[in-house]
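Enquirer: based on what follows, work out the 3D shape:
(one chain, ligands or ions: 1)
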Amino acid sequence: MQISVVGSGYVGLVAGACFADLGHEVILVDNDAQKISALKKGSVPIHERFLPELLERHRGKRLKFCGNLADAVRTSAAIFIAVGTPPNDAGEADLSYIESVAREVAGAINGYKVIVEKSTVPVYTSNWIRTVMLRNGVEPEAFDVASNPEFLREGTAVTDFLYPDRIVLGADPERCASVLREIYAPLTSGRYYENKTAMPGPERAQVPPPLIVTSAKSAELIKHASNAFLAMKISFVNAVASICESVGADVQQVCQGIGTDSRIGRRFLNPGIGYGGSCFPKDLTAFRAVARECGYDFRLLDEVIRINEEQRHRFLRKVRSALWTLRGKRLGVLGLAFKGGTDDIRESPAMLLVQTLLQEGCSVAAYDPAAIERAREVLCSKVDFVGSPYEAAAGADALLILTEWEEFAALDLQRLRAQLKYPIVVDGRNLYHPDTMKAHGFTYYSVGRQNHRS
Ligand SMILES: NC(=O)c1ccc[n+]([C@@H]2O[C@H](COP(=O)([O-])OP(=O)(O)OC[C@H]3O[C@@H](n4cnc5c(N)ncnc54)[C@H](O)[C@@H]3O)[C@@H](O)[C@H]2O)c1
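Expert: Sure, this is the predicted structure:
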C-alpha cells in the first residue's frame, strides 16, 4: 500500500521505516528541510537500535523522503500524522501542528484517503480533523479519520513497533478500518514473522499481535489512559520506596513481592528519580486537561505528577546528605538521556538534576553513551562532557548515576573507586546491590534502600 507519514521524528521515522519493512511504499514527510535532506543523504538523526539497518535496507527503494506534503498526499491511500503535540502553558496539548497538517491534506486530496492520527492526541481530535477537512471544502466521501495510537518506547522503538503487545485501530466506518487492517496485515496475520529478513524480536514476543478495533474516541482515550497508568505505576513505586527508606525496608524486595502478582506485573515497578521524556509529562497534563474539560476532576493525576517531581528533590537531598554542602564540589554524572537506549533528553530528569546542581555551584563531568551531542546544545560549556564513565569519575567528590544504561550496570568497580576522589556513589537507578558496593568500599546511596557508609 502507498502510505505517507507526516513528521519524521522519533515516531514518524520509526513507523515509516517499519511500514516499509512490512512491504509498503512509504513517503516520509517533514517540514524541516534540513532533516529531509540529511535523511536523503543517509544520516540517521536519532539513536535507536535497528533503525540504521532498516533505513539502509529501504532508503530510496520502498522508503522515500519528501518536504512536500501535497505531493505525498496525492500518491497515498493513507496519511499517518506523526507530528509533535507539545504542551501549551495551560498543560493542554498544542494541536496547531496537527491542524496545519490537516489543512494541507485537505488542499491536496484527489480521491478517497484515510487520515490516521499517530501522534498522541486528546479525545475528540479526530472529530476536529474531520471538521477542518470539511471546512476546507473536502467532500465527506473523500476521506475518513482514524486513530492508531503508537505505543513504542524510545530505546526499543523498532522492536516495539514490529512486535507490539497490541495494535489499536480507532476506526469508526468499516471502509477505513479495512484499509488499516490491510496495512497491519503482515503483522496480524503473522506473515512478517515467517520472513527470514524480519527484524529480531524480543524473547517473549506475542506473535501475531492482537488487533483491537474501537471507535476513534476510545482509541484516543486508550493512549492517554495507558500513559497515565504507567506513570502512576512509577509514582506509586517511588512513593513506596520513600516508605522503605523511612522504615529500613528494601524496595527491590518489595517490588519482587508485589510484581510477581500477575494482576500487578513486574514491569514499570522500578524506583528511581522519576519519569521524564517527551511523552509521560506532557501526556499526563494533557489528559488531566481533557478530564477537566469533560467535567471530571482527575486529582489522582495531580498526585502522580507531584510524587514524580518530589522524587527529584529527594534525590537532591541524598546528594546533599552525602556531600554536606554542594558549592564547589566536583560531581561525576552518568547518564543524561531520559532513559537508557536513547539520545532523547526532552524532560530528562537527569538533565533537570544536572541543571540544578550547576545552579548550586557544583562542577559536573558527564558521560552518556548517546545523548552528549544533544545535551551539549542545552548545557553548552557549563559541563565537561567526557568519553567514559571512568573519566566522569576522575577526581570527583561523588559519582551520580542518573540513567539506566546497561553499560552503567557493568562498571569495573575497582577501577571506578580508584578514579574517584572520595568513593561515594549516589545511584538514582538502583543499578547495584548495596552489598556489592559495600564490599568494594563505596559509600552508596540508592532509592528505597538503606544507605551504606564505608
Ligand atoms: N517519542 C515517543 O516515544 C512517542 C511514543 C508514542 C507516541 N508519541 C507521540 O507521537 C508524536 C510525535 O512524537 P515524536 O517524539 O516523534 O516528535 P518529534 O518532535 O521527534 O517529531 C515531530 C516531527 O514532526 C515534524 N513536523 C512538525 N510539523 C510538521 C508539519 N506541519 N509538516 C511536516 N512535519 C512536521 C517536525 O519537524 C519533527 O521532525 C507526539 O504526539 C508524541 O506524543 C511519541
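Enquirer: report pLDDT for the closest residue to Ala90 other than its chain neighbours.
Expert: Nearest non-adjacent residue to Ala90, counting by Cβ to Cβ, 6 or more residues apart in numbering: Ala289, 6.6 Å away. Every C-beta, even on glycine, is put in place using the N, C-alpha and C of the backbone. In this model, Ala289 is scored at 96, pLDDT.
Enquirer: just give me how far the helix or strand containing Ala289 sits from the chain centre.
Expert: Element membership of Ala289 [criterion: DSSP states H and E] is helix 280-293. In terms of Cα atoms, centre = their mean, to the nearest Å, the centre of helix 280-293 is set 17 Å apart from its chain centre.
Enquirer: just stretch 145-155 next, same as before
Expert: 11 Å.
Enquirer: quick one on the thing from earlier: distance of the residue nearest to Ala90 from Thr85?
Expert: According to Cβ to Cβ, to the nearest Å, Ala289 and Thr85 sit 12 Å apart.
Enquirer: ok, the residue nearest to Ala90 touching Asp89?
Expert: No. In this structure, Ala289 is not within contact of Asp89 by Cβ atoms under 8 Å, at 11.3 Å.
Enquirer: comparing those two, which residue is more hemmed in?
Expert: Ala289 (19 against 6; other Cβ atoms under 10 Å).
Enquirer: how about Ile307, phi and psi?
Expert: Main-chain dihedrals, Ile307, degrees, to the nearest 10: phi -60, psi -40.
Enquirer: show me what contacts the residue of the chain found nearest the ligand?
Expert: At 1.8 Å from the ligand, Gly9 is the closest residue in the chain, using Cβ to the nearest ligand atom. Gly9 sits next to Asp30, Ile46, Ala82, Val83, Gly84 when contact means Cβ atoms under 8 Å, 6 or more residues apart in numbering.
Enquirer: hmm, try it at 10 Å
Expert: Contacts for Gly9 (Cβ atoms under 10 Å, 6 or more residues apart in numbering) come out as Asp30, Asp32, Lys35, Pro45, Ile46, Ala82, Val83, Gly84, Ser119, Ser278, Asp344.
Enquirer: how about Ala393?
Expert: 331-334, 365, 367, 386, 399, 411, 415-421, 423, 425.
Enquirer: can you say which of the residues you listed are buried?
Expert: Among the contacts of Ala393, those classed as buried by 16 or more other Cβ atoms under 10 Å are 331-334, 365, 367, 386, 399, 411, 416-417, 419-420, 423, 425.
Enquirer: torsion angles phi and psi at Leu331?
Expert: The phi/psi pair for Leu331 (degrees, to the nearest 10) is phi -120, psi 140.
Enquirer: is it true that it touches Leu323?
Expert: Yes. Counting by Cβ atoms under 10 Å, Leu323 is a contact partner of Leu331 at 8.3 Å.
Enquirer: Glu182 contacts Met1, correct?
Expert: Yes. With contacts defined as Cβ under 10 Å, Glu182 counts as touching Met1 at a distance of 6.2 Å.
Enquirer: which residues do those two both contact?
Expert: The contact sets of Glu182 and Met1 overlap at His24, Ala77, Ala78 (Cβ under 10 Å, 6+ apart).
Enquirer: which neighbours do Leu331 and Leu323 share?
Expert: Cys362, Asp397, Ala398, Ile424, Val426.
Enquirer: can you say which of the residues you listed are buried?
Expert: So, by 16+ other Cβ under 10 Å, the buried ones in the shared contacts of Leu331 and Leu323 are Cys362, Asp397, Ala398, Ile424, Val426.
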